[in-house]
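Q: Show me the folded form of this:
(one chain, ligands or ions: 2)
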Amino acid sequence: MEKEEKEGKLIEKLELREKRYIAEQLIKEKRSEEMEALEEVFDKPTLMIIYRMLNRGILKKLFGVVKAGKESRVYWGKSKEGDVAVKIYLTTSKEFRKGMLTYIEGDPRFKKVSKETRALIYLWAKKEFKNLQLAYAAKINVPKPITVEGNVLIMKFIGKAGEPAPILKETSLEKPTKIYNEILNYIHLLYNKAKLVHGDISEYNIMIWKNKPVLFDFAQAVSISHPMAYDLLYRDVKNITLYFQKLGVKTKNVDEFVKKVVENI
Ligand SMILES: Nc1ncnc2c1ncn2[C@@H]1O[C@H](COP(=O)(O)OP(=O)(O)O)[C@@H](O)[C@H]1O
Ligand SMILES: [Mg+2]
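A: Residues are numbered from 1 along each chain as shown. Ligands and ions are numbered 1, 2, ... in the order given. Below is the predicted model of the structure:
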């Protein structure tokens, strides 16, 4: 009995080693300049996800980094659908973990929160993907979500040939009032159709492309039933209103607009 148990454990160990070996071989085979750069930043599980996507053709090519942040890196890539943005969450940031919990706990869609960081970051990426899907279905101008696996999210690339569309902060607008009203309209639609509050709307999370605002960065967006939903909505409306007020736009009264959103008028 004891002997069998020992053998069983040994087989398990060997199988594990074999799996690891295959993974390493796969990584070596796929090695290229871009991949070498990736390998310096990402851990093995992340690299495996990227290789799998490349092998399956979900991703055809992965080019350089578009933007490197504290919590994620965004790359330009190609898929069957054309240019894509590949957002890869870093799995190592401790601060990130603390920050995320505020938004995930209390959202009825994410009741079971794993205490393990990696699982939490995978959940965070999936949450951004699902939020994008909801917003996209509500006909809000957002990057079309394509797929998510682990900490890797693929969406349509907004911009041209690897050059992302400018963010609101970097743009001087021809018709600021029109853009302001469109953003408010998106906030309204987001709340009443997608049943979401973005929670981080600012001149940094809106791109201007083809004279229209594009909302992005949806990971922290919450369901309207989240206990913080109202405060986040209020803050979103206030932030964007202050930004346009400074541009000289005749802005709306924040309290009145928030009331209109909540009461769906
Ligand atoms: N779909 C996209 N198309 C083109 N560029 C994008 C896209 N999504 C993100 N980016 C670029 O990456 C940057 C960071 O993306 P964001 O989602 O805001 O990540 P973070 O959570 O790190 O703030 C953006 O400011 C933008 O320049
Ligand atoms: Mg952002």
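Q: I'd like to know how far the closest residue to ligand 2 within the stretch 151-265 of the chain sits from residue 12.
A: Residue nearest to ligand 2 within the stretch 151-265 of the chain: residue 217 (3.8 Å; Cβ to the ion). (Each C-beta comes from the backbone N, C-alpha and C, glycine too.) For residue 217, the distance to residue 12 equals 42 Å [Cβ to Cβ, to the nearest Å].
Q: Next, the buried residues of stretch 255-265.
A: 257-258, 260-262 (16 or more other Cβ atoms under 10 Å).
Q: and what of stretch 56-72?
A: So stretch 56-72, judged by 16+ other Cβ under 10 Å, has buried residues 58-59, 62, 65-66, 71-72.
Q: where does the stretch 1-150 of the chain have low pLDDT?
A: 1, 22-34, 92-116 (pLDDT under 70).
Q: Can you list the residue ranges for helices in it?
A: For the stretch 1-150 of the chain, helices defined by DSSP state H, counting those that start in this stretch occupy the ranges 2-29, 33-41, 44-56, 94-104, 117-137.
Q: about what we covered before: quick one: which of residue 217 and residue 12 has more around it?
A: residue 217 (24 against 10; other Cβ atoms under 10 Å).
Q: What residues does the stretch 151-265 of the chain have near ligand 1?
A: 155, 157-159, 164, 167, 205, 216-217 (Cβ under 6 Å from any ligand atom).
Q: need the residues you listed in a markdown table with pLDDT, can you?
A: Listed next are those as a markdown table, based on pLDDT from 0 to 100:
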| residue | pLDDT |
| --- | --- |
| 155 | 98 |
| 157 | 97 |
| 158 | 98 |
| 159 | 96 |
| 164 | 96 |
| 167 | 97 |
| 205 | 96 |
| 216 | 97 |
| 217 | 96 |
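Q: so who does the most centrally placed residue in the chain touch?
A: Among the residues of the chain, the one closest to the centroid is residue 128, at 4.4 Å (Cα atoms, centre = their mean). Residues counted as contacts of residue 128 (Cβ atoms under 8 Å, 6 or more residues apart in numbering) are 87, 148, 153, 217-219, 221.
Q: ok, 7 Å please
A: Residues in contact with residue 128 (Cβ atoms under 7 Å, 6 or more residues apart in numbering) are 153, 218-219.
Q: Output the helices of the stretch 1-150 of the chain as TSV; include the columns distance to residue 225.
A: Formatted as TSV, the helices of the stretch 1-150 of the chain follow (distance: least, Cβ to Cβ, whole Å):
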stretch	distance to residue 225
helix 2-29	41
helix 33-41	37
helix 44-56	31
helix 94-104	13
helix 117-137	13
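Q: Could you report the neighbour count for residue 252?
A: By other Cβ under 10 Å, the residues close to residue 252 number 17.
Q: Ok, residue 84 next?
A: A count of nearby residues for residue 84, using other Cβ under 10 Å, gives 26.
Q: Wait, it touches residue 77, no?
A: Yes - using Cβ atoms under 7 Å, residue 84 is in contact with residue 77, at 4.9 Å.
Q: Just give me the neighbour total for residue 150.
A: Residue 150 sits with 21 neighbouring residues when counted by other Cβ under 10 Å.
Q: wouldn't it be in contact with residue 120 here?
A: No - Residue 150 is beyond contact range of residue 120, at 11.9 Å (criterion: Cβ under 7 Å).
Q: any idea how this protein splits into domains?
A: Residue ranges for the domains of the chain, per automatic domain parsing: 22-50+61-160, 164-262.
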